[in-house]
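Undergrad: build me a structure from this.
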Amino acid sequence: MKLLSLFGLLCLTLTAFTLPDPVDAQRLPVERSMKQNTTKHGFAKVKGNARLGKRAQRFEVRAGDCGWDDGWSDCDNDRERSELYVKKDWRAGTDQWIGFSIYLPPDFKTISRVRTTVGQVKMKGGPTGFTGGFPSEPGVFQMEMLGDRYFLRVHVLSGPFDNVRNDIKDYNLASIRELRGKWTDFVVRVNTKTAPGTIEVYKNGTRVAAHNYNENYAPKAYYFKYGIYRSFVSQHREPMPTQVVYFDEVRMGRNYEKVAVDAQRRAVD
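TA: Purely as a prediction, here's the structure:
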């Protein structure tokens, strides 16, 4: 009996060391959206301020923090960013849910001329056009900050595939004032399984935006990016203020319960 007990204890010990950590299994695969954008202050996992668990993801963009990659340069196109690309694309005809929590420091600043994008769903193999004289590959939507507004900006596309017209529809989600100094939970639904599709946003469990999404241009895939991205920064007419945004509990799944932070038993980070 003692030998069996010792053998059982040994098996439990080995299992504890060999089974994957369930927290690790929830983490999304990510990389910098611009390969050459690696400022030390731009991105870090930090302790001491998390929505759940011990760590959160901290993004910081200062004036002039631009990145570049093959075929594109923020520095040459009036942009600044520190942003992650989630390497988990999904196809048209699915019902995709994305959850995350966001925290703005008490001194977080926005301005009235330049939008700060903190999350966006883009398309691979989608339509192309021009915005402000610059080549553009319109996405599905951005989650934007401007003045005291945090809002969803949906792209309503029409016209030729290679010279698409890009109209917009905005939905207010929250004020910047209510986001400062505390965590706020968001869930976004991108449903292209039905026609028309639907885009929905939930804040702290309550739906705050719903849009009928007309899928005129089925791309090869959709993908999600988050962090800090600022475009047409010269419109500010002086150096942009430093902005810091915290993200935590970033998840993707097939229904609300899979991604909503208040429905989880374990932290992502």
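
Undergrad: pull the contacting residues for the residue nearest to the spatial centre of the chain.
TA: The residue at the geometric middle of the chain, judged as the C-alpha nearest the mean C-alpha position with CA atoms, centre = their mean, is residue 226 (2.8 Å). Contact analysis of residue 226 by CB atoms under 8 Å, 6 or more residues apart in numbering lists 83, 84, 86, 100, 118, 119, 120, 247, 250. For every residue, glycine as well, the C-beta is placed using N, CA and C.

Undergrad: one more pass at 7 Å, please.
TA: If you count contacts by CB atoms under 7 Å, 6 or more residues apart in numbering, residue 226 has them with 83, 84, 100, 118, 119, 247, 250.

Undergrad: how about residue 138?
TA: Going by CB under 7 Å, 6+ apart, the list of residues near residue 138 reads 127, 129, 155, 157, 164, 166.

Undergrad: between those, which is closest to residue 183?
TA: residue 155 (28.4 Å; CB to CB).

Undergrad: name the helix or strand for the closest residue to the closest one other than its chain neighbours, please.
TA: For residue 155, ignoring the flanking residues on the chain, the nearest one in space by CB to CB, 6 or more residues apart in numbering is residue 138 at 4.7 Å. Using DSSP states H and E, residue 138 sits in no helix or strand.

Undergrad: quick check on residue 138: phi, psi?
TA: According to degrees, to the nearest 10, the main-chain angles of residue 138 amount to phi -60, psi 140.

Undergrad: all helices for the stretch 101-250 of the chain, in order.
TA: Using DSSP state H, counting those that start in this stretch, the helices assigned to the stretch 101-250 of the chain run over residues 176-179.

Undergrad: so which residues of it form strands?
TA: In order along the chain, the stretch 101-250 of the chain carries the following strands (DSSP state E, counting those that start in this stretch): 116-124, 129-131, 134-136, 141-146, 149-158, 165-175, 183-191, 197-203, 206-213, 221-231, 243-253.

Undergrad: out of those strands, which gets the lowest mean score?
TA: Of all those, the segment with the smallest mean pLDDT is strand 134-136, scoring a mean of 74.

Undergrad: which one of the strands of the stretch 101-250 of the chain lies closest to residue 60?
TA: Among the strands of the stretch 101-250 of the chain, the nearest to residue 60 by CB to CB is strand 243-253 (4.8 Å).

Undergrad: neighbouring strands for the closest one, and are they parallel or not?
TA: For strand 243-253, the paired strands and their directions (DSSP bridges) are strand 55-61 (antiparallel), strand 95-103 (antiparallel).
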